[in-house]
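Participant: Sequence first, predicted model second:
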Amino acid sequence: MKDSAVVKVVNFAWFQGIWWLVILFQNQAVIPVLGLIALWLFLSSKRIEDIKLMSAVFVLGTLVDALLTYSGLFIFNETEALLSFWPIPIWLSLLWVAFAGTVYHSLTVFKGRPVLASIAGAVFAPLSYIAGAKFGAVELGASMLFSYIFIALVWSVVFPLCFYLSNRFEAKLSQA
């Protein structure tokens, strides 16, 4: 599938669908989300790049949110963890995978613009976590203002880092 405006819209809607699934259904969404990720990889014009970035961001995002959980900023009230050894709910790690699936497609406006990516990450990512808290997917262990500021600081680095990684993966593939 070529990355046209239609693909960008479909990719954005795909991610939003996954976001709503995990926020509303948490563990019950894991199988449908895995299916949607597989579907995207089947359709993607940048399948190899997506797989590499999704893998890296899966690890990165899990570590970031695990640190935020261990720090007490995020509290998950899951009665049944699907993977008891996993540091955060697996649905949240899969949300990071889906987010990575947007970097080469619907979020290309931020490619090569680290300052803009940093600002966007600082503004929009905290809103996503706060919305998740409003829907009961996560509880914030601090005030709304402190949570917003801390998440904003983290995502002002994480968001541009995702584009840095994507550029590295593309460069390595073009050299091969």
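Facilitator: Right, received. Where do you want to start? Residues are numbered from 1 along each chain as shown.
Participant: Any stretches of the protein with poor pLDDT?
Facilitator: 1-3, 78-83, 176 (pLDDT under 70).
Participant: mind listing the helices in it by residue range?
Facilitator: Secondary structure of the chain (DSSP state H): helices at 5-25, 30-43, 47-70, 90-103, 114-134, 144-175.
Participant: can you list contacts of the second one?
Facilitator: This points to helix 30-43. Here helix 30-43 makes contact (C-beta atoms under 8 Å, 6 or more residues apart in numbering) with 1, 11, 14, 17-18, 21-22, 47, 50-51, 54, 82, 90-91, 94-95, 97-98, 101. From N, CA and C alone the C-beta is placed, and that goes for glycine too.
Participant: Put the buried members of the residues you listed into a PyMOL selection.
Facilitator: In PyMOL, a selection of the buried entries from those looks like this (16 or more other C-beta atoms under 10 Å):
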select buried, resi 11+14+18+21+22+50+51+54+90+91+94+95+97+98+101
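Participant: from the helices of the chain, which stretch is densest packed?
Facilitator: Neighbour counts (mean count of other C-beta atoms under 10 Å) averaged over each of the helices of the chain peak at helix 90-103, with a mean of 23.
Participant: Can you give me the distance of the nearest residue to residue 103 once chain neighbours are set aside to residue 128?
Facilitator: In space, and not counting its chain neighbours, residue 103 is closest to residue 166: 4.9 Å by C-beta to C-beta, 6 or more residues apart in numbering. For residue 166, the distance to residue 128 equals 20 Å [C-beta to C-beta, to the nearest Å].
Participant: still on that earlier bit, need the helices of the chain in CSV (columns: distance to residue 77).
Facilitator: What follows is the helices of the chain, written out as CSV (distance: least, C-beta to C-beta, whole Å):
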stretch, distance to residue 77
helix 5-25, 14
helix 30-43, 17
helix 47-70, 12
helix 90-103, 13
helix 114-134, 11
helix 144-175, 16
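Participant: Tell me which of these sits nearest to residue 76.
Facilitator: Closest approach to residue 76 among the helices of the chain is made by helix 47-70 (6.8 Å; C-beta to C-beta).
Participant: Quick one: work out the angle between the closest one and helix 114-134.
Facilitator: 60 degrees (axes from the mean of the first three to the mean of the last three C-alpha atoms, to 10 degrees).
Participant: Now do helix 47-70: which elements does it pack against?
Facilitator: Applying 3 or more C-beta pairs under 8 Å, 6 or more residues apart in numbering; DSSP states H and E, one finds that helix 47-70 contacts helix 30-43, strand 74-75, helix 90-103, helix 144-175.
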